[in-house]
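S.K.: my questions are about this predicted structure, shown below with the sequence.
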Amino acid sequence: MNPSFLSTKQAEELFSELAGHVPVLLRRVSDARVIWLNNRVMRRDPMFRSCGGTARDYGRHILMSCGYAINGESKRECAVGIADRYGGAGIGNNGGSGRAVIVNGYSVKGIGRTPLLSLSGDDWHTWGGAFLDECVRETILSEIVDAEFPGGAIPTIAIIDTGRRAEWRAGKRVIAGRCCLLVRPCMLRAAHFERAPLFVEYDADQRKAGYRDVMRVRHTFDVVAKLLGWRRLCAMFRRFWMVWAEQLAYAFVHMLPHGGDTTSNIAFDGRLLDFGGMVAVPSLGRISISLGFPGCGTGIALLSQSMRVQVAQLLRYCEVESREEIPREVARLMISVKERYLVSTYRELLRLGGLSRQQAAGALACERARELMAVLGDALAHYQRDRFAVFDGTPTPRVEWEFWKLWDSRPPVHLLRLRRWLESYYGCSMARPDAERLFAVFSERSAAIAETRSELYIERKGELKLALNGGASDLRITEEHVDQIISETICRNRRDGMYEPDGLIPCGYARNSLCAYSLFRSGTSDDVRAIMEWSAVSKETDERGDKEALMVSSVTSDGIAFRERNRGDFRGAVWLRCGKIQSRAQWA
């Protein structure tokens with residue numbers, strides 16, 4: 001069982017009317033067409049080979065399977081979808097999916113209002129649809145998170161243009177746009193194991209509705225336990241909390257918080273989803289992203305609360321032997337999860353300073369590790385003194401963000417202890433010239449990875465809509481244009497990746513619809529090398545591990561020429577870093 005990509009059969013077992021989920025009548029959208037297809041992930045779908053084994057065939061399959069809207073006009077339907085119930089603090093007064101349904105084994109977002117929407121919800125969600133720029137932005141963020149975060153993300157499979165436009169009022173503003181459908185794998189959320197106690201089902205006996213929700217949670221436990229076994233299910237809960245701890249720590253340190261850190265926005269294997277609230281922030285301060293949620297850097301409190309809620313459900317429904325041992329085991333596990341969060345935070349702070357994952361892990365495992373953690377804690381506390389919100393825009397931090405100055409000739413006072421610790425740790429184990437070369441590499445890496453992603457600040461969301469020409473009613477958006485916008489934006493806003501070759505410094509990224517590369521240069525020359533991250537046309541899929549660095553002869557804004565004669569040139573979006581800090585151009 002893959003919680004982030006359920007099979008059609010598993011989806012039908014978990015999410016059915018008999019299990020307490022809500023059937024929704026659907027009608028086919030006559031003018032629908034696929035305007036973006038994720039070639040990176042389509043081969044993971046068992047239906048890829050069944051429908052023909054080509055991108056064109058798969059696109060037709062997705063359109064036929066998912067090109068629907070909720071039927072509010074008559075009782076005649078083309079299909080029946082399922083609005084899945086789930087809990088979690090992030091859904092407020094809703095009962096689960098308010099504008100998404102499961103149809104033919106896929107989760108389709110933007111399909112219209114479902115009966116699980118609360119009447120007290122905000123205007124943005126209660127209208128039920130999704131605009132093109134919203135779907136594209138969610139796709140961009142899911143691809144960045146999947147490439148960088150340790151636990152990955154639920155990917156977008158496709159974006160479907162419905163061929164119609166809509167507008168709605170948000171206060172005095174009238175927001176208009178092109179209506180689209182966001183197609184994702186059907187996933188098992190962590191919140192599917194939780195109640196939705198605040199949801200009021202109108203025209204229904206609330207006592208019976210509450211009982212049905214209780215039985216829905218029991219059904220989820222029973223089905224997953226049947227597929228995995230109770231012991232494996234408990235093991236998956238343990239793994240989930242560990243992975244989520246790493247996800248939270250990474251998002252905080254790399255200044256790309258999810259914005260909706262609840263069990264409703266994460267799959268049961270730890271992959272993040274629903275990126276409407278994700279925005280970049282300008283520092284490691286205690287920054288509020290969403291109203292009613294704690295500021296950045298409070299992951300331990302969030303994990304503790306989530307574990308208490310889910311353990312209560314687990315104790316209620318679990319059928320393993322020695323249930324009395326579960327509370328004691330959970331208490332020990334909570335300590336381990338907190339330690340995982342703290343160690344992950346310290347490791348990623350060292351990576352902001354230019355160390356590789358392996359180097360950072362080695363430093364945190366040495367005899368002086370406690371001293372190092374105290375030094376890192378002091379450096380983090382300096383930035384956490386700053387508190388502000390980014391609801392209406394991103395202010396300039398009062399505590400300046402300049403972590404890359406760790407390796408300057410005169411580093412800031414609050415980074416001086418960390419600098420001296422690293423010089424002492426590495427200086428004792430290697431000759432001075434070797435240590436100086438290593439520190440030069442650290443300096444370049446730090447400049448690349450510690451830079452903020454200002455293009456993803458909250459106030460710049462509207463630029464994406466302009467780039468997609470979302471305001472032009474007579475413009476037919478092409479697949480090539482959408483893919484170009486997605487690829488270019490991903491490349492400009494990447495800061496990290498899974499590959500860290502010794503002695504090489506990350507200097508850029510390249511991507512098109514068929515493959516993606518991480519670009520590096522040597523610390524002693526300007527030669528550029530490329531490592532393929534994934535490919536849709538070869539066996540070099542997105543397997544994470546060591547790969548050969550290909551020599552590059554030239555790089556332009558729209559392509560890469562390789563030195564190997566038997567390797568064709570790359571054509572697509574390329575972003576090459578120049579200098580320590582480079583200003584970002586707006587979306588073209």
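M.R.: Great, that's in hand.

S.K.: check the secondary structure at Q359 for me.
M.R.: With DSSP: H, G, I helix; E, B strand; the rest coil as the basis, Q359 sits in helix.

S.K.: test my guess that R417 contacts V375.
M.R.: Yes: with contact defined as Cβ atoms under 8 Å, R417 reaches V375; the gap is 4.9 Å. Every residue, glycine included, has its C-beta placed from N, CA and C.

S.K.: between the two, which is the more surrounded one?
M.R.: A count of neighbours by other Cβ atoms under 10 Å puts V375 above the other of R417 and V375, at 21 against 17.

S.K.: just the buried positions in the strand or helix carrying the more buried one, please.
M.R.: Of the helices and strands defined by DSSP states H and E, V375 is found in helix 369-384. Under the neighbour-count criterion of 16 or more other Cβ atoms under 10 Å, helix 369-384 has 372-373, 375-376, 379-380, 383-384 buried.

S.K.: pretty sure K465 belongs to a helix, no?
M.R.: Yes: membership of K465 in a helix is supported by three-state DSSP.

S.K.: helices or strands next to the helix of greatest length in the chain in the packing?
M.R.: In the chain, with assignment by DSSP state H, the single longest helix is helix 326-352. When contacts are defined as 3 or more Cβ pairs under 8 Å, 6 or more residues apart in numbering; DSSP states H and E, helix 326-352 packs onto helix 230-253, helix 299-317, helix 357-364, helix 369-384, helix 432-449.

S.K.: pLDDT of it, averaged?
M.R.: Helix 326-352 comes out with an average pLDDT of 90.

S.K.: could you give the angle of it to helix 299-317?
M.R.: 150 degrees (axes from the mean of the first three to the mean of the last three Cα atoms, to 10 degrees).

S.K.: least trustworthy helix or strand in the chain by mean pLDDT?
M.R.: helix 123-126 (a mean of 58; mean pLDDT, DSSP states H and E).

S.K.: elements contacting the helix or strand immediately after that helix in the chain?
M.R.: Proceeding N to C from helix 123-126, the next assigned helix or strand is helix 132-148, under DSSP H and E. In terms of contacts (3+ Cβ pairs under 8 Å, 6+ apart), helix 132-148 is packed against strand 33-37, strand 158-170, strand 173-185, helix 461-467, helix 479-493.

S.K.: switch the ones you listed over to CSV; also include distance to Y341, mean pLDDT and mean neighbour count.
M.R.: Listed next are the helices and strands packed on helix 132-148 as CSV, based on distance: least, Cβ to Cβ, whole Å; pLDDT from 0 to 100; neighbours: other Cβ atoms under 10 Å:
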stretch, distance to Y341, mean pLDDT, mean neighbour count
strand 33-37, 35, 96, 23
strand 158-170, 34, 85, 18
strand 173-185, 27, 88, 20
helix 461-467, 29, 88, 15
helix 479-493, 25, 95, 20
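
S.K.: out of these, which is closest to F15?
M.R.: Proximity to F15, assessed across those by Cβ to Cβ, is greatest for strand 173-185 (13.1 Å).

S.K.: dihedrals phi and psi, the closest residue to F520 other than its chain neighbours?
M.R.: The spatial neighbour of F520 that comes closest, neighbours along the chain excluded (Cβ to Cβ, 6 or more residues apart in numbering), is L504 at 3.8 Å. Here the main-chain torsion angles of L504 (degrees, to the nearest 10) amount to phi -110, psi 150.

S.K.: sorry, back to before: now the helices and strands packed on helix 132-148 as a markdown table including distance to S454?
M.R.: Shown next, in a markdown table, are the helices and strands packed on helix 132-148 (distance: least, Cβ to Cβ, whole Å):
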| stretch | distance to S454 |
| --- | --- |
| strand 33-37 | 25 |
| strand 158-170 | 25 |
| strand 173-185 | 24 |
| helix 461-467 | 11 |
| helix 479-493 | 9 |
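
S.K.: the nearest residue to E564 once chain neighbours are set aside and F562, how far apart?
M.R.: Setting aside the residues directly before and after it, E564 is nearest to L550 in space (Cβ to Cβ, 6+ apart), at 6.6 Å. To F562, L550 is 6 Å away according to Cβ to Cβ, to the nearest Å.

S.K.: which neighbours do these two share?
M.R.: Counting by Cβ atoms under 8 Å, 6 or more residues apart in numbering, the shared contacts of L550 and F562 are A530.

S.K.: returning to what we had before: list the buried residues in the longest helix of the chain.
M.R.: 326, 330, 333-334, 337-338, 340-352.

S.K.: ok, now stretch 12-19?
M.R.: 13-16, 19.
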